[in-house]
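> Sequence and predicted structure are below.
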Amino acid sequence: MSDPDGLPDDSTGAHEDGGQDAGPDAAAAKPRRRRPEPSAAQRALGLLVRREHSRRELERKLLARGVEADEAAQAVERMRSEGWQDDTRFAVSLARSRAIGGYGPLRIRQELEMHSLEAGAVDAAFEALAEEGEDDWRGRAGDLVERRYGSLEDADRTRRHKAAEFLLRRGFDVETARRATGFMPDD
């Protein structure tokens with residue numbers, strides 16, 4: 001809107017540059033304080049409260065966020081010593097997550113080994129799965145095939161072959177894939 005002189009009406013508080021009038025409290029308002037940069041330990045803890053991380057993964061993420069290598073190593077060690085980071089707990093969590101997601105033991109073991117975990121952490125993860133009854137790999141493979149391909153009772157060789165390849169890609173061993181699909185390569 002404009003006034004009789006043809007100038008813009010300033011009653012809305014708008015300025016020519018698109019800004020707004022700050023109003024009568026503008027002078028009394030304090031400037032916003034910038035938050036101080038979080039320390040390496042604070043960053044590490046922030047990552048760990050979201051989910052478990054391996055030592056290697058945590059250190060890599062800190063480095064990616066601009067933390068110096070020695071500070072990152074100290075922060076990871078502090079998290080470990082205070083119980084916030086534990087490679088065995090990470091391994092158990094990852095193994096459980098992957099098993100529930102339909103991956104087999106070969107794939108899970110390979111992924112865990114990629115994290116350069118402490119000796120015994122990978123074995124502890126599989127022991128934890130066994131203790132909780134989550135290591136029925138044949139049952140899991142059969143369920144996966146059933147969900148993805150339906151019943152293979154009357155399936156032809158090609159369909160059984162596809163199902164077996166699917167299980168192999170998911171990290172199940174050959175024997176488990178054969179039993180779950182009934183596929184024999186020599187047939």
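All right, it came through fine. Numbers count the residues shown, from 1 in each chain.

> Next one: the residue positioned nearest the centre of the chain from A130, what distance?
Against the mean C-alpha coordinate of the chain, by Cα atoms, centre = their mean, the closest residue is R51 at 7.5 Å. In this structure, R51 and A130 are separated by 23 Å, where distance is defined by Cβ to Cβ, to the nearest Å. C-beta coordinates here come from the backbone N, C-alpha and C atoms, glycine included.

> pretty sure the residue nearest to the centre of the chain belongs to a helix, no?
No - judged by DSSP: H, G, I helix; E, B strand; the rest coil, R51 forms no part of a helix; its state is coil.

> Which residues are in contact with it?
By Cβ atoms under 8 Å, 6 or more residues apart in numbering, the contact set of R51 is S93.

> Check which helices and strands the helix or strand containing D70 sits against.
When elements are defined using DSSP states H and E, D70 is found to belong to helix 69-81. With contacts taken as 3 or more Cβ pairs under 8 Å, 6 or more residues apart in numbering; DSSP states H and E, helix 69-81 sits against helix 40-48, helix 55-64.

> Can you redo those as JSON lines, where the extra columns are distance to A177?
Rendered in JSON lines, the data for those read as follows (distance: least, Cβ to Cβ, whole Å):
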{"stretch": "helix 40-48", "distance to A177": "37"}
{"stretch": "helix 55-64", "distance to A177": "30"}
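
> okay, those helices in CSV with distance to G150, mean pLDDT and mean neighbour count next?
Below are those laid out as CSV (distance: least, Cβ to Cβ, whole Å; pLDDT from 0 to 100; neighbours: other Cβ atoms under 10 Å):
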stretch, distance to G150, mean pLDDT, mean neighbour count
helix 40-48, 42, 93, 19
helix 55-64, 38, 95, 17
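
> closest to E71 out of the ones you listed?
Between E71 and the helices and strands packed on helix 69-81, the shortest gap by Cβ to Cβ is with helix 40-48, which sits at 4.3 Å.

> what's the distance between the closest one and the middle of its chain?
A distance of 16 Å separates the centroid of the chain from that of helix 40-48, by Cα atoms, centre = their mean, to the nearest Å.

> Give me the contact list for that helix.
38, 53, 58, 61-62, 65, 67-68, 71-72, 74-76, 78-79, 84-85.
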